[in-house]
Each structure stands twice: as structure tokens, then as C-alpha cells.
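Chemist: below is the sequence, then the predicted model.
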Amino acid sequence: MQLVRNWLESKYNGIWLMVIDNVDDANIFFKLKDSFGKSLLEYVPQSPTGSILYTTRDRRVGMNLVPGWDPIPVPSMTPIEGGG
């Protein structure tokens, strides 16, 4: 994960988009540490050429992820829209 972060933060890479889907458990994303003592959040790249789209069902998690968060509510899908 650190190699991916370093690569995306490199000034030699172009514009990129990362989608981090289902960030619903704050404990896993913010508090749980790996064997290097880092949380998953610490592996998220920071770069002026990159954008990150987070999806979550938990408003509190979204508010902790993005200061000044302006959520985009997504209504539930119909069975046809969901492919079922």
C-alpha cells in the first residue's frame, strides 16, 4: 500500500482518480493499525494531481474523511436499476 501511495504522489504521474468504496466502519479505516503501525487512512495518497472519491453509508465517517464535506445523497436503486 505504501508503494502505491508513493507512486501516486510522485510528480511524474499524471492526473488520477481513486475510488475508495464502502468506507462504512470508522474503526477499520481510522483506528485499526497494520503491522507497521499505520491506519488505512495513512496510506491514502495526497497529491494535487489526484482526486479521491469516497463512498460511505455512514454520515459521521464522511464528515471525518473530508473537512467541509458536501455529501451527494444517492437514493436507493429500484430492483431493475440494481440488476436484480
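Modeler: Alright, I've got the coordinates.

Chemist: can you give me the strands in this protein?
Modeler: Counting by DSSP state E, one finds strands in the chain at the ranges 16-20, 50-54.

Chemist: which neighbours does the first one have in its sheet, and in what orientation?
Modeler: Just to be clear, that refers to strand 16-20. When sheet partners are counted by DSSP bridges, strand 16-20 sits next to strand 50-54 (parallel).

Chemist: can you show me the CA trace of the strand it pairs with as CSV?
Modeler: C-alpha atoms of strand 50-54 as CSV (Å, rounded to 0.1, in the frame of the first residue of the first chain):
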residue,chain,number,x,y,z
GLY,A,50,-5.1,13.3,-7.9
SER,A,51,-8.7,13.1,-6.8
ILE,A,52,-10.3,10.7,-4.3
LEU,A,53,-14.0,9.7,-4.3
TYR,A,54,-15.2,8.1,-1.0
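
Chemist: tell me what the residue nearest the centre of the chain is bridged to.
Modeler: Per C-alpha atoms, centre = their mean, the C-alpha nearest to the average position across the chain is that of residue 20, at 3.5 Å. Residue 20 forms beta bridges with residue 54, as assigned by DSSP bridges.

Chemist: ok, it - contacts?
Modeler: Contacts of residue 20 were listed using C-beta atoms under 8 Å, 6 or more residues apart in numbering, and they are 44, 52, 53, 54, 55. (C-beta placed from N, C-alpha, C; glycine too.)
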